[in-house]
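Participant: Have a look at this prediction, sequence included:
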Amino acid sequence: PPLNSHHVTGVQSALRAPLLTIGSSSSPATSTMGCCGKEEEDVKEEEKVKGPLEKRECRDVLFLLIYMVFWVGMFIIAGYAYKQGNWRRLLYGTDSYGNICGHTNEVEYNNDNSGLDMTSRPYVYYHNPTLYTTTLKVCVAACPTTTTVSCDLGSCPELCLATAPYSLAGASGSDASNDGCPVGIGKYESNAILHRCIPFADDLKDYLNKAFDNSDTLQHIFSDFNVAAVRIIYMAIASLLIAMLIVILMRCCAGILIWTFVLSGMFAFWALTIFLWQQWQQKKKEREVSGESDNEQAFKVMAIVSLVASIIVFLIVVAMRNRIRLCIAIFEETSKAMLRMPQVYLTPILTYLNLAILAVFMFFTFVFLATSGTIVESDFNKRAYYSHNKNYYRMWWYLIFGFLWTSQFILACGQITMAGMFATWYFCRKTGFSSPLTQSVYRLIRYHLGSAAFGSLIIALIQFARVVLAYIQRKLKNKAGRIVKFLLCLLACCLWCFEKFMKFINKNAYIEIAIYGYSFCKAARTAFMKLLRNILRVAAINTVGLFTLFMCKLMVVGITGCIGIALLRNDDELNYYALVVLFMCVMAWFIADSIIDIYKMGIDTIFLCFLEDSEHNNGKDKPYYMSDNLLKFMKSGAKNQEGAEKANKEAAAKEAKLAKESSADTGKTAPPKYTNPPRE
């Protein structure tokens, strides 16, 4: 049929559509396949840009169930460890017959040296410290302070099995020879460390004595921290306030900081080029005068390479100037959001609190599991050894993976919570909102714990692979050849890079989940396609932006260190105030890193919200939600789009005019250009 105006408009619109819109969905009622084969209905177009979606569904429930079942296994292993383990074995040590030194013991197996009262013998002594895993161990009242070449019942009775409470009847073989005293090595001088008698080499012993005994350095250090404890707390609060102040100042100073760093980098490249060029000219003159010169060609090559690099950097900055300006605008908007929502500062506190609870639980579980097992008598020398469950090492690996998965799950929940808060601010700041933290936490717990479990599972699997690879590398340290070592190092590097990439994908997927309530797979795919379509903007934010944030951390540490030196340098009660200042700086770094992590999450969230806003709205019948600061980047793009549309209309009018003239010359109606309507 002949082509009508509706068809022409449809064809022209299709031809003018940008190719980079591949992967976006504008259909209001389409469905996509979910991660587990279930069809997932797309969010309606009119609901896409009204802020975090209220009408949601529980997503990735299967992975939440798997996570819960996994933790049932964790509790079973923990219960077994707490029942079978004894932490005193690890802290106080045991002799070769299973007696805990410094405690009263029960009889564990049929031996005269089992179940002895070791209350008066709190230290473990190794007969041969070079073979501490296989040598005879006894509990002693004090570690020896002198060294003897030989040892017998008369010279060192406290080390012999013939001395009560031990009995030679409970020993056999070489343990019963020489009255159960050390054979061949004698008695050695040692110091008590964690209730173990540890010998020292002469040079190490002299160093430790000089450092800790003669000058009381250790006591002075603890005294310094005790005296400066209140000021350390004050500096921790000051570091927090400084970091928050820097975030607030980003609202008006982000452009100054970012352009300063960018121009400084360009200046450094050009300065290096000039320096290398001068060195090359100097070497060239030396060759003309003396007939020889060293490194002339090397400086020439380096000068040329530096010049090319400087030109490339300059061109990149010129080409990326608008993206850098967008990066500055995103920084400013994030500062506004954090100033409007002070509750966002609570999210890292909740995250670190949960991580601390997890760390305590895992620490005690590991300790009890390490000291679990049943004492069994050796057929060779009547000593006691611990017989572990056949699944003992499997339980260790299970706990390690559980720790990795749970820690990543806690971090994922924190990221989804922060993303929900920043998305609420972006879309609802003009209409008003209340309790963004409460609402974001509610949406997380009600709908998206499964997505958090799925995303954290991926990272945990990669980290677990790295742990296993590190274990293999350690086992093959002195056995593998150079090729095997190279391949293992290469694989470790690849896993590290893959983990960084997946963390980047996960973070942006969590943002999409916080906005639209997608499942993890769809959120990751949607976020990745959006970032791919705006790869230059992403590059600007992830290079210039991250470097700026790193410098902000150093700024917090530097200011904290200067204030700490000013407060402590004139205090006569302090002996080593530099160590206290160093501790303050380390503490300031971690505090600044926590605040900047919130800021980074806000930058990523607002940037992705800006992309959503710009793709699904047009500023006319669908108004933008972005601020005027971000809207100017859309106006420049709109001008380019209007110019392209005007050129297309002029070309179409010219083509119609030529067709009309041609039909007038022939006296026939010109055939339509298209004989069939375009396919949808």
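Facilitator: Perfect, thanks for sending it.
Participant: For the protein, which segments count as strands?
Facilitator: Under the criterion DSSP state E, strands of the chain are mapped to 31-33, 39-41, 123-126, 137-140, 191-193, 196-198, 374-377, 384-387.
Participant: Mean pLDDT lowest where, among the ones you listed?
Facilitator: Across those, strand 31-33 has the smallest mean pLDDT, namely a mean of 45.
Participant: distance between stretch 601-608 and the chain's centre?
Facilitator: 18 Å (C-alpha atoms, centre = their mean, to the nearest Å).
Participant: For that stretch, the averaged confidence score.
Facilitator: On average, stretch 601-608 scores 90.
Participant: Not counting that stretch itself, show me its contacts.
Facilitator: With contact meaning C-beta atoms under 8 Å, 6 or more residues apart in numbering, stretch 601-608 is reached by 330-331, 333-334, 337-338, 344, 415, 418-419, 422-423, 426, 507-508, 511-512, 514-515, 527, 530-531, 537, 541, 545. Quick note: C-beta positions are derived from backbone N, CA and C, even for glycine.
Participant: Save the strands of the chain as CSV, and put in distance to residue 313 and mean neighbour count too.
Facilitator: Formatted as CSV, those follow (distance: least, C-beta to C-beta, whole Å; neighbours: other C-beta atoms under 10 Å):
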stretch, distance to residue 313, mean neighbour count
strand 31-33, 42, 12
strand 39-41, 44, 12
strand 123-126, 62, 25
strand 137-140, 65, 25
strand 191-193, 55, 13
strand 196-198, 56, 18
strand 374-377, 67, 15
strand 384-387, 63, 15
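Participant: Nearest to residue 465 among these would be which one?
Facilitator: Closest to residue 465 of these, according to C-beta to C-beta: strand 31-33, at 27.8 Å.
Participant: coming back round to it: may I see the strands of the chain arranged in JSON lines, with distance to residue 238 as well?
Facilitator: Shown next, in JSON lines, are the strands of the chain (distance: least, C-beta to C-beta, whole Å):
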{"stretch": "strand 31-33", "distance to residue 238": "51"}
{"stretch": "strand 39-41", "distance to residue 238": "49"}
{"stretch": "strand 123-126", "distance to residue 238": "45"}
{"stretch": "strand 137-140", "distance to residue 238": "50"}
{"stretch": "strand 191-193", "distance to residue 238": "37"}
{"stretch": "strand 196-198", "distance to residue 238": "41"}
{"stretch": "strand 374-377", "distance to residue 238": "54"}
{"stretch": "strand 384-387", "distance to residue 238": "51"}
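Participant: Nearest to residue 598, out of these?
Facilitator: Counting by C-beta to C-beta, and looking across all of the strands of the chain, nearest comes strand 39-41 at 30.5 Å.
Participant: returning to what we had before: so which of the strands of the chain is nearest residue 587?
Facilitator: Residue 587 lies closest to strand 191-193 among the strands of the chain, at 28.0 Å (C-beta to C-beta).
Participant: now for the closest one, which elements pack on it?
Facilitator: strand 196-198 (3 or more C-beta pairs under 8 Å, 6 or more residues apart in numbering; DSSP states H and E).
Participant: which helices and strands does the strand it packs on pack with?
Facilitator: Strand 196-198 packs on strand 123-126, strand 191-193, going by 3+ C-beta pairs under 8 Å, 6+ apart.
Participant: How far off centre is it?
Facilitator: Distance of strand 196-198 from the chain centroid (C-alpha atoms, centre = their mean) equals 38 Å.
Participant: and if you look at stretch 529-539?
Facilitator: Stretch 529-539 sits 22 Å away from the centroid of its parent chain (C-alpha atoms, centre = their mean).
Participant: what does stretch 161-173 give?
Facilitator: Remark: stretch 161-173 is offset 54 Å from the chain centroid, using C-alpha atoms, centre = their mean.
Participant: Over to stretch 385-397?
Facilitator: The mean C-alpha position of stretch 385-397 is separated from the chain mean by 31 Å, C-alpha atoms, centre = their mean.
Participant: Which residues does it contact?
Facilitator: Where contact means C-beta under 8 Å, 6+ apart, the residues beyond stretch 385-397 that reach it are 77, 80-81, 84, 369, 372-376, 378.
Participant: just stretch 165-172 next, same as before
Facilitator: So stretch 165-172 is contacted by 97, 111-114, 116-118, 138, 160-162, 176, 179-180, 381-382 (C-beta under 8 Å, 6+ apart).
Participant: swap the cut-off to 10 Å and go again
Facilitator: 95-97, 99, 110-118, 120-121, 136, 138-139, 160-162, 175-177, 179-180, 377-383 (C-beta atoms under 10 Å, 6 or more residues apart in numbering).
Participant: Check stretch 310-326 too.
Facilitator: Residues contacting stretch 310-326 (C-beta under 10 Å, 6+ apart): 255, 258-259, 262-263, 265-274, 327, 534, 536-541, 543-545, 607, 610, 629-630, 632-633, 636-637.
Participant: Mark which of these are buried, thanks.
Facilitator: 255, 258-259, 262, 269, 272-273, 327, 534, 537-538, 540-541, 544-545, 607, 610, 630, 633 (16 or more other C-beta atoms under 10 Å).
Participant: residue ranges with poor pLDDT in the protein?
Facilitator: Within the chain, the ranges that satisfy pLDDT under 70 run 1-52, 201-217, 291-294, 634-652, 655, 658-680.
Participant: quick check: longest helix of it.
Facilitator: Taking DSSP state H as the criterion, the chain has its longest helix at helix 229-290.
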